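Asker: can't give you the sequence, but here's the structure:
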């Protein structure tokens, strides 16, 4: 069918998005075609806009539309605290909570012997530079509680030992969590770090 | 954060796609930004292309880039068989199977008293016209096996009674299906329509 070639090409591209397979990509494209004035055209324009302007912050690796992101630009955020995260999605999650007022450093992944990802493949050298040059007093290692995340945290802690205060996120029972559904490791961590009421 | 306004706007639009929520939209947009040359720009271009050219076939309701779709245009498909489906996605599913060589008619939904969808809201009047004008000998009602789908099939069957041969898809055990996982209705239908070996 020649005249659906454009639509098939769009489905193939949509199926490359994380979380969408061929079936959900077809469903999404049909939805877009039905709402072509209200959704498809605005989405295409917005994608072109982002494709033209989006870039990674040269300092911290955050995603934005300037060479240096708003957080790195803001003097208010220069409070000596630097939060190290694996990914921009983690930075966004931290920002949504609104609890952290300092700056970030996005590693862009974790160390992985299996995938041959060493410190040079991540933004680790830049992190060590920043700790020296930005007057950082505390580095908060907010890496995921996975084996690769914790290996990376240990490596960074070794590199920064003695230069700066090093902390990591507390481990314990998540808000709303039910003990029955938690794994043994979480319960063990929560019990060991129990607090006086 | 002013400089991420474009990115936030893109996330909001992506979250309107079926199957994507706010979280998966953020993940998709980060993926797109990381692959902006390879994926984001081509996707934006392809969306603009489809937004400019996609339309519904005036005859059958299929989606394509011409006023009359390839299937309606093709003389080879004018074999007197007309397959009635609810949605373009169903038409595409039938075409992927390759089993049907006739033409289609896409209703654009099902009758629904609850949502105030009557025959005029669907492509039912056009279906009745086509049965007269296109020399249709058999109407295959390939509607979903839901209550609304079957209600719609009964309504159409009533309208076309005596004018044309009416058939519907066989019901039974799906290929690869395990009896233990099938609902009682399917097993009952398969038992009633059992075949001589």
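Answerer: Sure thing, it's come through. This is a predicted model, so every value here is computed, not measured.
Asker: just the strands in chain A please.
Answerer: In chain A, the segments counted as strands under DSSP state E are A:55-56, A:63-64, A:81-85, A:103-106, A:138-141, A:165-168.
Asker: show the average pLDDT along the longest one.
Answerer: Strand A:81-85 shows a mean pLDDT of 95 in the predicted model.
Asker: cool, and the second one?
Answerer: Per-residue pLDDT over strand A:63-64 has a mean of 91.
Asker: which strands and helices sit next to it?
Answerer: With contacts taken as 3 or more Cβ pairs under 8 Å, 6 or more residues apart in numbering or on different chains; DSSP states H and E, strand A:63-64 sits against strand A:55-56. Where you see a C-beta, it was placed from the backbone N, CA and C, and this is true even at glycine.
Asker: quick one: the residue lying closest to residue A:59 once chain neighbours are set aside and residue A:127, what's the gap?
Answerer: Spatially, and ignoring its direct neighbours in sequence, residue A:59 is nearest to residue A:72 (4.5 Å; Cβ to Cβ, 6 or more residues apart in numbering or on different chains). From residue A:72 across to residue A:127, the span is 13 Å (Cβ to Cβ, to the nearest Å).
Asker: can you tell me what sits against stretch A:130-138?
Answerer: Stretch A:130-138 is contacted from outside by A:59-60, A:78, A:80-82, A:102-103, A:105, A:139, A:160, A:163-167, using Cβ atoms under 8 Å, 6 or more residues apart in numbering or on different chains.
Asker: now stretch A:188-197
Answerer: For stretch A:188-197, the surrounding residues in contact (Cβ under 8 Å, 6+ apart) are A:170-173, A:182.
Asker: let's see 6 Å
Answerer: Residues external to stretch A:188-197 that are found in contact with it (Cβ atoms under 6 Å, 6 or more residues apart in numbering or on different chains): A:171-173.
Asker: repeat for stretch A:43-59
Answerer: The contact list for stretch A:43-59, computed with Cβ under 6 Å, 6+ apart, reads A:63, A:65, A:67-69, A:72, B:6-7, B:9-10, B:13, B:33, B:36, B:40-41, B:44, B:47-48, B:51.
Asker: list only buried entries from these.
Answerer: Among the contacts of stretch A:43-59, those classed as buried by neighbour count (16 or more other Cβ atoms under 10 Å in any protein chain shown) are A:63, A:65, A:69, A:72, B:6-7, B:9-10, B:13, B:33, B:36, B:40-41, B:44, B:47-48, B:51.
Asker: from chain B, how far off is the closest residue to residue A:101 other than its chain neighbours?
Answerer: Leaving aside its sequence neighbours, residue A:101 sits nearest to residue A:79 (Cβ to Cβ, 6+ apart; 5.9 Å). Going from residue A:79 to chain B by Cβ to the nearest Cβ, to the nearest Å gives 18 Å.
Asker: same check on residue A:121?
Answerer: 15 Å.
Asker: what comes up buried for the lowest-mean-pLDDT helix or strand in chain A?
Answerer: Using mean pLDDT, DSSP states H and E, the weakest-scoring helix or strand in chain A turns out to be helix A:184-192, at a mean of 87. Across helix A:184-192, burial judged by 16+ other Cβ under 10 Å covers A:186, A:189-190.
Asker: so how far is that helix off the chain centroid?
Answerer: 25 Å (Cα atoms, centre = their mean, to the nearest Å).
Asker: hang on, the earlier thing: got the contact list for the residue nearest to residue A:59?
Answerer: A:57, A:59-60.
Asker: how about 7 Å then?
Answerer: A:57, A:59-60, A:103 (Cβ atoms under 7 Å, 6 or more residues apart in numbering or on different chains).
Asker: from those residues, which is closest to chain B?
Answerer: The closest of these to chain B turns out to be residue A:57 (Cβ to the nearest Cβ; 9.7 Å).
Asker: which non-adjacent residue is nearest the closest one?
Answerer: That would be residue A:69: by Cβ to Cβ, 6+ apart, it lies 3.7 Å from residue A:57.
Asker: all helices of chain A, in order?
Answerer: Remark: helices assigned in chain A by DSSP state H are A:5-14, A:22-34, A:41-53, A:70-73, A:88-97, A:124-133, A:147-160, A:184-192.
Asker: flag the shaky bits of chain A, pLDDT-wise.
Answerer: A:1-3 (pLDDT under 70).
Asker: what's the domain layout of it?
Answerer: Split into domains by automatic domain parsing, chain A comes to A:2-53, A:75-168.
Asker: closest one to residue B:91 among these?
Answerer: domain A:2-53 (10.2 Å; Cβ to Cβ).
Asker: isn't residue A:33 up against residue B:63?
Answerer: Yes: counting by Cβ atoms under 7 Å, residue A:33 does reach residue B:63; the two are 5.5 Å apart.
Asker: that older thread, now a PyMOL select for only the buried ones of the contacts of stretch A:130-138.
Answerer: To isolate the buried ones among the contacts of stretch A:130-138 in PyMOL, judged by 16+ other Cβ under 10 Å, type:
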select buried, chain A and resi 59+60+78+81+82+102+103+105+139+160+166
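Asker: one step back: from what I can see the residue nearest to residue A:57 touches residue A:88, true?
Answerer: No: the pair residue A:69 / residue A:88 is not scored as a contact, 10.0 Å apart, by Cβ under 7 Å.
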